[in-house]
Structure formats: structure tokens, C-alpha cells
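> Any chance you can model this:
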Amino acid sequence: MKVKLPSGKTEEMNIGPLTVEELLRLLDISQGEVLVSRDGHIIPEDTVLNNGDGVRIMQVVFGG
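The predicted structure follows:
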């Protein structure tokens, strides 16, 4: 699975199937601070990811 991290770095991970929530926990990333997309579409935390997927984890910016 290719995972593009919020830092811009891309990691190739040989894991899956697992949920978005499990992936974020594995990477020690807080769910409340990021959005995860697959194929350009935001996906919920209960989405099952497979080893061949490419996902992007994007930092959410708060402000006013």
C-alpha cells in the first residue's frame, strides 16, 4: 500500500487489509487532525484498505 503522509513523504507499506482507523493508529496519527483519501475521494475511518491501495493522509488546518 502506498501511503502519502502529511509531511509529503510517501511510504510503501506491505500491510492490509485494515481500516483507515487502524492505519492511522499504526502510524500514530490522530484521527481528529487528518483526512484520508483514496482515488481522490475522502473516505471514512471504517473503510477497509487493501495492500494494493494508494492513500493520502492530509493535515487539517484550523483557523479563523
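> Kindly provide the distance from residue 39 to residue 59.
Note on residue 39: its distance to residue 59, by C-beta to C-beta, to the nearest Å, is 20 Å. In this view, the C-beta of every residue, glycine as well, is placed from N, C-alpha and C.
> swap that for residue 51, please
25 Å.
> what about the helices in this protein?
Using DSSP state H, the helices of the chain run over 20-26.
> Just the strands from it, written as ranges.
2-4, 10-12, 18-19, 34-38, 41-42, 48-49, 54-59 (DSSP state E).
> OK, contacts around residue 29?
6, 57 (C-beta atoms under 8 Å, 6 or more residues apart in numbering).
> Repeat that for residue 30.
The contact partners of residue 30, taken as C-beta under 8 Å, 6+ apart, are residue 24.
> So what does it have for phi and psi?
phi -70, psi 130 (degrees, to the nearest 10).
> In the chain, where is pLDDT below threshold?
Counting by pLDDT under 70, the low-confidence segments of the chain come to 64.
> how about a cut-off of 90?
Applying pLDDT under 90 to the chain picks out residues 15-16, 32, 61-64.
> about what we covered before: got the strands of the chain as JSON lines, with mean neighbour count and distance to residue 27 columns?
Converted to JSON lines, the strands of the chain look like this (neighbours: other C-beta atoms under 10 Å; distance: least, C-beta to C-beta, whole Å):
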{"stretch": "strand 2-4", "mean neighbour count": "16", "distance to residue 27": "8"}
{"stretch": "strand 10-12", "mean neighbour count": "10", "distance to residue 27": "9"}
{"stretch": "strand 18-19", "mean neighbour count": "16", "distance to residue 27": "11"}
{"stretch": "strand 34-38", "mean neighbour count": "17", "distance to residue 27": "10"}
{"stretch": "strand 41-42", "mean neighbour count": "9", "distance to residue 27": "18"}
{"stretch": "strand 48-49", "mean neighbour count": "17", "distance to residue 27": "12"}
{"stretch": "strand 54-59", "mean neighbour count": "16", "distance to residue 27": "8"}
